[in-house]
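Participant: for reference, the sequence and a predicted model appear below.
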Amino acid sequence: MLISRVIIHVDFDYFYAQCEARENPSLKDKPVVVCVYSGRSEDSGAVATANYAARKYGVKSGIPIVQAKRKLRDVDAAFLPVNFDLYDRVSENIMTILRQYAERFEQVGIDEAFLDVTPKVEGDFAKATQLALEIQNQIVAKERITVSMGVGPNKLVAKIAAGRQKPFGMTVVRPEEVEAFLNPLPVNELLGVGRKTTIAMEEMGVKTVGDLAGFDLDRLLKRFGKVLGMYFHNSARGIDASPVQERGVAESISHIPTLKEDTRDLDTILEEAYKICGDVYKRAGELKFGFKTVTVQLILHDMSTLSKSRTFETPIENLETLKASVKELFQKLLADMPVELKARRIGVKISNFSSARQAQKHLTEYTER
Ligand code: TTP
Ligand code: CA
């Protein structure tokens, strides 16, 4: 017998704000607004997230801090700066718990994950519901954080389900319920249907997922192209075969070029090293990794290697800091290197990645929308 896949999507509730409230119980019943201050003037910057008490006043991710303060001016509310180290730590702990329950596991950003639990529950949604409840309670017991869960036959349905009841909610959609579950939802609940697409679809008379599912396929393909059109058509019918997949996380990024000639001259080495800094920094940016550790290496003719590293407390925020640190490390390394030796190759490596940048990027994307 063909059994359905059983996928759980986990979304941590008002995550940054909940972490803050966990650390400081006096925040429990207050509106809590977590802010990314830009530093330009006292209150310039945007709201990263707010707890549900603050959302009641219309405060939400992406709005200017000034606007949030205005909305909460008559209320005893807490405005806090982001503390990525805390959120990273809590996130890692919860992800470790989740991973133990999943046959396949996929972390998405700092506060979401997919679990494929098909074999564990033998494709049975009743068992899956029990399991999801157990996981939810486990996270509260161990980390004192609530999460919301969606259970469905694929990632698409599980993710939408997880967003239906928040906070500390659980929504289970069995394969035979998918159509009835999706049909009444507005089209923008589907991944990839943003503001512009929603307007385009509305012009075609498509408002709900059900409208989209019933829409003439040829017209859809003409309007959005083959790939996207087909994707919308399938999504609206709750069809999604994409696997739950561990996202490859590189442990370090490094470049080790050979020098034009052997040397122990700092300036010659730095000229090459700064180029590598630019490359690895760019690469980390593309992967949206923050990094805290910088390592420099000198490789000698016999391939023996000397290295030095430095770990910062917070992720390195700009290329200049990386370069300055690389310079300092090479200076020290050269001072330690026996005078008769010269380096043949040099290396710069960054590691100890964190997701802080990812969260910041998230914010910019949101505010620009
Ligand atoms: P979300 O899951 O979008 O929001 P949330 O966890 O705060 O609230 P919900 O209960 O609705 O899930 O985002 C996760 C974290 O990412 C959030 O706590 C803060 C951060 N974030 C930003 O920094 N900027 C943003 O614009 C958004 C949307 C989120
Ligand atoms: Ca969340």
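Facilitator: Yep, that arrived. Ligands and ions are numbered 1, 2, ... in the order given.
Participant: mind listing what Gly152 touches?
Facilitator: With contacts taken as Cβ atoms under 8 Å, 6 or more residues apart in numbering, Gly152 has the following neighbours: Val6, Ile7, His9, Ala158, Ile160, Ala161, Val172, Val173, Val178. C-beta here means a position set from N, CA and C on the backbone, and glycine is covered the same way.
Participant: is the third one in contact with Lys155, as I believe?
Facilitator: Yes. With contacts defined as Cβ atoms under 8 Å, His9 counts as touching Lys155 at a distance of 6.9 Å.
Participant: who touches both of these two?
Facilitator: For the pair His9 and Lys155, residues contacting each of them under the criterion Cβ under 8 Å, 6+ apart are Phe114.
Participant: report the contact partners of whichever residue of the stretch 101-250 of the chain sits closest to ligand 2.
Facilitator: Of all residues in the stretch 101-250 of the chain, the one sitting closest to ligand 2 is Asp111 (4.5 Å; Cβ to the ion). Asp111 sits next to Asp11, Phe12, Phe15, Ser91 when contact means Cβ under 8 Å, 6+ apart.
Participant: distance check, it against Asn24.
Facilitator: In this structure, Asp111 and Asn24 are separated by 19 Å, where distance is defined by Cβ to Cβ, to the nearest Å.
Participant: low pLDDT regions in the chain?
Facilitator: 1, 248-251, 287-288, 355-369 (pLDDT under 70).
Participant: have a look at it and report its longest helix.
Facilitator: As far as residue count goes, and with DSSP state H defining each element, the longest helix of the chain is helix 266-286.
Participant: can you name the next helix or strand after that helix?
Facilitator: strand 290-299 (DSSP states H and E).
Participant: so which bits of the helix or strand just after that following strand are buried?
Facilitator: Using DSSP H and E, the next helix or strand after strand 290-299 towards the C-terminus is strand 305-311. Residues of strand 305-311 classed as buried by neighbour count (16 or more other Cβ atoms under 10 Å): Leu306, Lys308.
Participant: look up phi and psi at the residue most central in space within the chain.
Facilitator: Nearest residue to the geometric centre of the chain (Cα atoms, centre = their mean): Gly109, 1.7 Å. Here is the backbone geometry of Gly109 (degrees, to the nearest 10): phi 60, psi -160.
Participant: look up how far Gly285 lies from it.
Facilitator: As it turns out, when the distance is counted by Cβ to Cβ, Gly109 lies 17 Å from Gly285.
Participant: picking that back up, look up how far Lys56 lies from the residue of the stretch 101-250 of the chain closest to ligand 2.
Facilitator: 21 Å.
Participant: go on, Ala77?
Facilitator: Remark: distance between Ala77 and Lys56 (Cβ to Cβ) = 11 Å.
Participant: who does the residue lying closest to Leu98 once chain neighbours are set aside form a beta bridge with?
Facilitator: For Leu98, the nearest residue in space outside its immediate sequence neighbours is Ala113; the separation is 5.3 Å by Cβ to Cβ, 6 or more residues apart in numbering. In this structure, Ala113 has the following beta-bridge partners (DSSP bridges): Val10, Gln107.
Participant: could you give the number of residues near Ala113?
Facilitator: The burial metric for Ala113, expressed as a neighbour count using other Cβ atoms under 10 Å, is 22.
Participant: could you verify my assumption that it touches Gln107?
Facilitator: Yes. Because the distance of 4.9 Å satisfies Cβ under 8 Å, Ala113 is recorded as touching Gln107.
Participant: any shared contact partners between these two?
Facilitator: By Cβ under 8 Å, 6+ apart, the residues touching both Ala113 and Gln107 are Met95.
Participant: which bits of the chain sit near ligand 2?
Facilitator: Proximity of the chain to ligand 2 is confined to Asp11, Phe12, Phe15, Asp111 under the rule Cβ under 5 Å from the ion.
Participant: could I get the residues you listed as CSV with secondary structure and distance to Ala132?
Facilitator: Written out in CSV, the entries for those read as follows (DSSP: H, G, I helix; E, B strand; the rest coil; distance: Cβ to Cβ, whole Å):
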residue, secondary structure, distance to Ala132
Asp11, strand, 12
Phe12, strand, 14
Phe15, helix, 19
Asp111, coil, 17
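Participant: please enumerate the helices of the stretch 151-300 of the chain.
Facilitator: Taking DSSP state H, counting those that start in this stretch as the criterion, the stretch 151-300 of the chain carries its helices at 155-162, 178-182, 195-203, 209-214, 217-224, 226-236, 266-286.
Participant: list the helices and strands the second one packs on?
Facilitator: It stands for helix 178-182. Judged by 3 or more Cβ pairs under 8 Å, 6 or more residues apart in numbering; DSSP states H and E, the packing partners of helix 178-182 are helix 155-162, helix 209-214.
Participant: most packed of the ones you listed?
Facilitator: For the helices and strands packed on helix 178-182, the largest average neighbour count (mean count of other Cβ atoms under 10 Å) is found in helix 155-162, namely a mean of 25.
Participant: and that one, what does it pack against?
Facilitator: Under the contact definition 3+ Cβ pairs under 8 Å, 6+ apart, helix 155-162 sits against strand 7-12, strand 112-116, strand 147-152, strand 170-172, helix 178-182.
Participant: now with 7 Å?
Facilitator: Taking 3 or more Cβ pairs under 7 Å, 6 or more residues apart in numbering; DSSP states H and E as the contact definition, the neighbouring helices and strands of helix 155-162 are strand 7-12, strand 147-152.
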